[in-house]
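K.L.:
Quick one: sequence and predicted model below, then my questions.
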Amino acid sequence: MLFADTVRYALGGMLAFALAMGCAMSVQVRCISGLVIPQFFGKEGRSFIGTFAIAYLLTGPIANIMFNAEEVTRVISCSTELMMNQTMKRMDLKFQPIHHALMDMQRESLLIKKTAAKIRTAFKPIETEVEVDKESGELKRRTDEADVGFKVSRSQRIEKSHKIKPGMSKGQVKEEKFERKLDYKCEDIYNAGINWCRGRIDQVVTNCKKALDPIPLIKNLCDLFNLKSLCEVIRWMQTFTGIDCTSMEEVNKGFGDGYETAERAAKEVDKKFNVNMQYKLSTGVEKLEQMSAQDVTQAIKYEFEKRKTWFDFITLMIKRILAFLFIRVFIGAYSYHKRYVSNFGHDNIYISKYFKSIDARRNKQNKMTLLPLKRVEKKERVEPQNVKLMGPEKAKLGKSTFVLFVRLITAGIIIFVDRLVYEVLAIISRHSKIEYHQSGEHHIQLIIYGKGVIGQMVKSLLKGFNRKHILDSYSTNFECLPQPSMMPSDYIWKIVAVYLAVWFLMFLEAYGLRLRRIVASFFYPKREKKRILYLYNDMLKKRKGFLRHMRHRIKSLARENKLSMRTDLSVALINQFPRLCSCLKVMGMGKKRCLICEEPQNKEFHICATPGCNFVYCKQCWKDVKHICYACASEEDFSSDESELTDTNIWSD
């Protein structure tokens, strides 16, 4: 809807009120209002009716073409996305195994890191036992205290047997220190026995002295019980039992180097498995003009929407402009009214009853008359009572029909283009359905032969690569097929009906435009009489001027012996062979023409009776020349006619 109901009602109400007030107060407005009806038969009315055809073209085939064009953009965008999706599925088949393996590797690295932390925790007591050497000094001191009074020093033996030699590796040094520590711990067991033995002896001596303290003389007898040398028996037990504190037999050779390697491995495991997996697809250098599928789709939609917005705006403006074309009918009526009352020559071509009455009165007065009209005059004048179209009206109808035919051809081309677009899209939709079947397999398998702890860790780390991806997808371009819209045939019939109505108005234009003069003469009767008098006097002047011109022309040609009858081949044959070519007369050929107006000869023609003069005159021209043959008349005859032709008396009523 071009305008809201309130706007349309308001405009209609104001227009009706203005017309009512004008018709009540002004004869000009009444005349213009009456001229509106016949004005509809003119080009203004046809233009207004033709706007409906333009509106049907805009809302019918042109709008349908735009819809199908939008459907084409949708098909292109959908096809682009479909191809992109197919490509991405193949890319996923190639890339997903690697992607999953890398992600699994990151997850497994976290588990390995936790395992490594547990290993480190479990290894910590061993590390403390092997490397922490703080208690060795205390053990050595206790061993030396236990060896007081003995000849052999066990600590010297231990230090000598585990002396750090130059050139030892770090692992060997740790091994010697660990063995020395073990020896001291072993000796400390014996130290505990020796110290316990000595403590018991000291306790016995002390208790003895306390018991004999009242008797000083025998108090010193208690020293006989101070037999600490008996505690050396504990040291002898090592020799007697064969149990010697020598850790070299218990600690495997190379223990230090193995420990060093294990310690380094535990530290490396704890350090190296802090993994943050990141990856990037290398796509090469991207070109500046390179566009993705989404970019192409968005660009197409943006360009189409921008142009469609302009098209909708222009269409809306055209519809609103066409909605006001009916005003041209009122403007045309006003223009005709203005020229009718101000210009006697405007649309003054009608041979009315009053015109004929003037000519009849002149005929009774034996004065020069205008009726019947000459052939040339008939081409310029119209008889309103005559149903048959006059010459000017036929010419105008022919030109208007040609222009209308061109418009109809243009509308047909637009409808044909719309139908062609629909048929092309329909053929594509029927025969372009494709079903895609993509199948493929991407299998990666890594075999780790190790069975140890590290091997198990590597297997756990790389098991993500042991994947099998299968692509088996079915897809179709059904959603991307065009779904064209066919314009309803009602629009075609409406457009044809509008153009038929326009042609009907063209055909009736002559009769409708004749009504304009009748309407104007009804409101201005005196003005109409003045216009008819002006027309009659103007035609009378032209008729006299024409006869004067023809008289001088024929007279001049006669003096120069150049006066000849205009004949064609049939006339020449009849004159030369009257009997043989008499059949040409039966066929309506071989007719002579009037010397004045050159109308073809008929039964009412006058043939000059002068011997040797074969010229003929039509009835009206023979009357106008006062029954004087200009071809054979004398000078006296010409002079007698001069007064009539030079008479300047103009008819008035």
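P.N.:
Cool, the structure landed. Numbering: from 1, shown residues only.
K.L.:
mind listing the helices for the stretch 1-150 of the chain?
P.N.:
Ranges of helices within the stretch 1-150 of the chain are 5-25, 27-39, 43-57, 63-131, 135-146, based on DSSP state H, counting those that start in this stretch.
K.L.:
what ranges do the strands span in the stretch 351-500 of the chain?
P.N.:
All strands of the stretch 351-500 of the chain, identified by DSSP state E, counting those that start in this stretch, fall at 435-444, 467-476.
K.L.:
Need those strands in TSV (columns: mean neighbour count).
P.N.:
No exception for glycine: its C-beta is placed from N, CA and C like everyone else's. Putting the strands of the stretch 351-500 of the chain into TSV (neighbours: other Cβ atoms under 10 Å) gives the following:
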stretch	mean neighbour count
strand 435-444	12
strand 467-476	13
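K.L.:
Adding distance to residue 521 and mean pLDDT, write those out as TSV.
P.N.:
Shown next, in TSV, are the strands of the stretch 351-500 of the chain (distance: least, Cβ to Cβ, whole Å; pLDDT from 0 to 100):
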stretch	distance to residue 521	mean pLDDT
strand 435-444	80	74
strand 467-476	77	74
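K.L.:
Which of those sits closest to residue 488?
P.N.:
Distance to residue 488, taken as Cβ to Cβ, is lowest for strand 467-476 among those, at 30.4 Å.
K.L.:
residues making contact with the closest one?
P.N.:
82, 85-86, 89-90, 92-93, 96-97, 100-101, 433-444 (Cβ atoms under 8 Å, 6 or more residues apart in numbering).
K.L.:
let's go with 6 Å and repeat that
P.N.:
Strand 467-476 is contacted by residues 93, 96-97, 100, 435-444 when judged by Cβ atoms under 6 Å, 6 or more residues apart in numbering.
K.L.:
Which two among these are spaced furthest apart?
P.N.:
Taking Cβ to Cβ as the measure, those span a maximum distance of 30.4 Å, between 435 and 444.
K.L.:
Could you dump the helices of the stretch 1-150 of the chain into CSV with mean pLDDT and mean neighbour count added?
P.N.:
Output for the helices of the stretch 1-150 of the chain, formatted as CSV (pLDDT from 0 to 100; neighbours: other Cβ atoms under 10 Å):
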stretch, mean pLDDT, mean neighbour count
helix 5-25, 74, 11
helix 27-39, 80, 19
helix 43-57, 83, 20
helix 63-131, 74, 15
helix 135-146, 69, 16
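K.L.:
what about the stretch 401-550 of the chain, any weak spots by pLDDT?
P.N.:
Scanning the stretch 401-550 of the chain for pLDDT under 70 picks out the ranges 442, 452-458, 460-467.
K.L.:
If we use 90, what do you get?
P.N.:
Applying pLDDT under 90 to the stretch 401-550 of the chain flags the ranges 401, 403-404, 407, 425, 428-485, 487-489, 502, 504-532, 535-536, 538-550.
K.L.:
so where do the helices sit in the stretch 451-600 of the chain?
P.N.:
So, for the stretch 451-600 of the chain - with DSSP H, counting those that start in this stretch - the helices run 453-462, 489-507, 509-523, 525-559, 569-576, 583-586.
K.L.:
in stretch 361-368, what counts as buried?
P.N.:
362, 368 (16 or more other Cβ atoms under 10 Å).
K.L.:
Once you drop chain neighbours, what's closest to residue 499?
P.N.:
Excluding the flanking residues, the one nearest residue 499 by Cβ to Cβ, 6 or more residues apart in numbering is residue 408, at 5.3 Å.
K.L.:
surely the one you found meets residue 498?
P.N.:
No: in this structure, residue 408 is not within contact of residue 498 by Cβ atoms under 6 Å, at 10.0 Å.
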